[in-house]
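Enquirer: would you be able to build a 3D model of this:
(2 chains)
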Amino acid sequence: MMTIRIQSVAAACCLLLPALVSANPNNEDVHKVLAVFGGDEVKRWQAQAAELYASCLEDFKTFSEADEKGRLGRLSGKEIGQFRVKLEQLNRIGEFLQLFGEPCGADLELRAQELIAREPFTQKWRALPSSRRYINSLEVTFQKQRVQRLKVIEKIMKLAQKEQWSQAEQEFYRVWDGLHVALFVMPSNYRKGVAGEFMFVQGKVIPAMFEIRRTAAKQQLTKARTEQLPDFAAITAELAKTVNGIAATGQADWDGAAVSGPAAVEKLAERWRDVHVATLRCLAIDWAFASRLGRVGKTLDSASVKSQYAKFSAASADAVTKLIAADAARVSEAEAASLYTAYLRSLAPLARVIADQTAIPKWETALATLAAKSPSLAAEVQAYTTATGELLRWRARVATALAAAKSDQKLLLPTRMLDATRQETNYGGFYSQGMLPFLRESIPKLLPHAASKLIDTPAVALDVLRVSPTSRAAISRYRLRTYANVPATLDLAREVASLKADLLVSDQAPPLSLAAAISAHSAERGDFVSAGGTIDKVYVEGLITRFAALPTAASVLVPLGATLGETKPPHHRDVLFRFDLKPAWVRHDHFFAELPVAE
Amino acid sequence: MSRHGITVMAGCWLALATLGCSKEDFTELVDKAKNAATEGSSQVAENVEAAKQKMASASAGVQEQLNLAGRIELSVGEPARTDACYVNFVPQGSGRPTILQLQSYRSAAQESFPSIFLQAQTNAESLTELVGKTLPARLFVQPQQGGPVLFSQDAEPVALKIVSVDDKTLAAELVSGSLLNTASGTSIAATGTFTGTLPQ
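Expert: Numbering: from 1, shown residues only, chains lettered A, B, ... in the order given. The predicted structure is shown next:
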């Protein structure tokens, strides 16, 4: 007999805490519900569903134990009936949430349907001789209440005629669910009879409410989308204004304050990041919309958002080049050196996160014209470049070779994930050939098998970027339905100090080339080309959810200027996997380090 | 004309002649150049400046063939020999130390294998100041293109002793050092000599 892993009572109660409702299912707790990205109403449904699900699991556990001991008959028919009704309610919420494009809804519907299909208790209990008396009494009551039922149907019809659909639906389900507590343990012809009695009113109310919800979903998603959609034209125009300001006076107006060129670069980078996150959220909301609500209209076209974002990103990279060139044209010889190093400081973090790395040589060319304004600075930069260029190239060669010896294509997170989640004999899998992971069966059903193949096994994450200079976590970039959390507080003081010594960098002497500035900045921050270690934890997330509600802090998940690169628009059933990686080694552009084993 | 002068002239002619020349004609050209040098020295002298400039931009291979480009001979588990060694002595500004580089190739674009790169920091104001001194240095050796790299680890620099310096050459000895192999992870003792050409 197939068993379902049941949570302890304590854990089930914990699900009721709002904070835990927002976590995602993971290998330590496969029963957590998926996070949602929608507004208050969606969050209320999700919280309700979490409670219902926990309660159903608890019931399942209780009934299983009773059944094993041969004491199923001791349970009341009401308990059994209520259990079945809760599963129907869970299924219902799943459907509602899916209208809003919420992956959570798809998983809840699957969980409900699996439990309904799999639970043996209703049938068993119904067949027990000890249940006969209760069922007989139900049958008698049922006949007696026929008139009452017809009155209720009439009441609902009146509400429907007045188009008070929400009240009509509320009343309908109150009665329907109440009746089914009994109906689920009665012979099936009673259920059929009730279905017949309510068929007409059900056929009026349910479709009407479906349409109302559908319209509400469209409105809410459209509103959310409109709020996110950047005003590309306006912000692109501001780029030109900023460049002109710097060209004229070396200062530009940014939100009412005067900023220098390097500060303008930082402001520009911040805005670009905000636009980046807003674009990703926008596109994800489009997927949610298209998933269940039909085609997104002309004014909200995903393709145009993508192309406008691409244009804005190119304009931003170009504006940086123009800023430096404009400053170079007007700066005096005396100010050139401090302006030059200030630009390097501002450019290094931006260079690390942009998708289009061909912008960097253009920035370097502009920086060279700036350096040329001061012959002594230009000579110093030349000497510095000679002193550091080759050393960096050899360091990179060594880092590449050492990392290659430790990692393998097979260890990359997407490969590990796909290997663990594919369909096999006796395992439904998150996908079968030629597809990507999506919800074919519920997460509690699919995750344990996949997790057993992943936990405490080796993996390599690429493009690990610290969320902020002081954050405890770094994120590896989203890649083919995976990303990872890597602890950021790693002991690399020795490697960083050695790199800075090679780069001739100290508090008194900053880097004098962009390559050196990027290298030093990323080493200090804790950004890595790759990190290898063991998988500590696996989470499943809805793909749409992750990006529709992307926090600004997680903007590094996708390179600045790029979008997700899915070949076709994701569906609300599509999922991704997040890993917690315990790192054993990291590879920076210019060093490789094995990490001390924690005791 | 001194023997050294003849060799330089021969080199100039070779440089001119081998631009776009095949390897088979090389030895023939060397002989021709040497003959030309002894016969028409005045005519050759007129073209010396132009030739010198062309020589500077001629392929490194030419100089190396004539043994003018220095030499590195290392023992790093296996021998690693190159027919060139270029010296850079690069003072810095802003209180940064001066950098001494010894490399087996003129520039990254002209790298050949085995490829060897050494870098040390010093506060000396000239190369001659370094004679007799031993410097800690970073050393990298890549015997084959794309193959493993032998390198000195951050905390274990190699010891480079500067033996002699004149206006054209720097001679140095790798007194001690151990390099790590990126592929095998094993440590190898490194010794050897550098005979580097100074920029002219």
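Enquirer: can you map out the strands along chain B?
Expert: B:71-76, B:78-82, B:86-90, B:98-103, B:115-122, B:134-142, B:150-151, B:158-165, B:169-176, B:178-181, B:187-189, B:191-197 (DSSP state E).
Enquirer: and among these, the most buried is which?
Expert: With neighbours defined as mean count of other CB atoms under 10 Å in any protein chain shown, the strands of chain B peak in mean count at strand B:150-151, which reaches a mean of 26. Placement of C-beta: from N, CA and C, glycine included.
Enquirer: adjacent strands (with direction) for that strand?
Expert: strand B:134-142 (antiparallel), strand B:178-181 (antiparallel) (DSSP bridges).
Enquirer: please parse the chain into its domains.
Expert: No chain specified, so I'll use chain A. A:9-224, A:229-373, A:388-599 (automatic domain parsing).
Enquirer: wait, I meant chain B there
Expert: Taken from automatic domain parsing, chain B resolves into B:3-58, B:71-197.
Enquirer: state the mean pLDDT of the last one.
Expert: Along domain B:71-197, the predicted local confidence has a mean pLDDT of 95.
Enquirer: about what we covered before: make TSV out of the strands of chain B and add distance to A:Pro375.
Expert: Below are these laid out as TSV (distance: least, CB to CB, whole Å):
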stretch	distance to A:Pro375
strand B:71-76	35
strand B:78-82	36
strand B:86-90	17
strand B:98-103	20
strand B:115-122	25
strand B:134-142	30
strand B:150-151	36
strand B:158-165	29
strand B:169-176	29
strand B:178-181	40
strand B:187-189	45
strand B:191-197	28
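Enquirer: between those strands, which one is closest to A:Asp419.
Expert: Proximity to A:Asp419 (CB to CB) singles out strand B:178-181 among these, at 31.7 Å.
Enquirer: and B:Lys34, what pLDDT?
Expert: The per-residue pLDDT reported for B:Lys34 equals 52.
Enquirer: quick one: name the residues of the stretch 401-550 of chain A near chain B.
Expert: A:Ala401, A:Leu402, A:Ala405, A:Arg494, A:Glu495, A:Ser498, A:Asp502, A:Leu504, A:Gln508, A:Ala509 (CB under 8 Å from any CB of the partner chain).
Enquirer: just give the nearest non-adjacent residue to the second one, would you?
Expert: I take that to be A:Leu402. Spatial nearest neighbour of A:Leu402, chain neighbours left out: A:Phe592 (3.9 Å); criterion: CB to CB, 6 or more residues apart in numbering or on different chains.
Enquirer: likewise for the first one?
Expert: Counting by CB to CB, 6+ apart, A:Ala401 lies nearest to B:Thr182, which is 3.6 Å off, once chain neighbours are set aside.
Enquirer: so the one you found touches A:Ala399, yeah?
Expert: No: here B:Thr182 does not reach A:Ala399: they are 9.1 Å apart, not a contact under CB atoms under 8 Å.
Enquirer: can you lay out the domains of chain A as CSV showing distance to B:Ala159, mean pLDDT and mean neighbour count?
Expert: Output for the domains of chain A, formatted as CSV (distance: least, CB to CB, whole Å; pLDDT from 0 to 100; neighbours: other CB atoms under 10 Å in any protein chain shown):
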stretch, distance to B:Ala159, mean pLDDT, mean neighbour count
domain A:9-224, 52, 92, 17
domain A:229-373, 34, 94, 18
domain A:388-599, 17, 95, 19
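Enquirer: so for B:Leu127, which of those domains sits nearest?
Expert: domain A:388-599 (18.6 Å).
Enquirer: just how off-centre is that closest one within its chain?
Expert: Distance of domain A:388-599 from its chain centroid, counting by CA atoms, centre = their mean, to the nearest Å, is 15 Å.
Enquirer: who touches stretch A:122-130?
Expert: Stretch A:122-130 is contacted by residues A:67, A:72-73, A:75, A:77, A:80, A:83-84, A:131, A:135, A:184-186 when judged by CB atoms under 8 Å, 6 or more residues apart in numbering or on different chains.
Enquirer: save these as TSV, and put in distance to chain B and secondary structure too.
Expert: As requested, the contacts of stretch A:122-130 are arranged in TSV below (distance: CB to the nearest CB, whole Å; DSSP: H, G, I helix; E, B strand; the rest coil):
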residue	distance to chain B	secondary structure
A:Asp67	58	helix
A:Leu72	63	helix
A:Gly73	68	helix
A:Leu75	64	coil
A:Gly77	70	helix
A:Ile80	64	helix
A:Phe83	60	helix
A:Arg84	62	helix
A:Ser131	71	helix
A:Ile135	75	helix
A:Phe184	66	coil
A:Val185	69	coil
A:Met186	73	coil
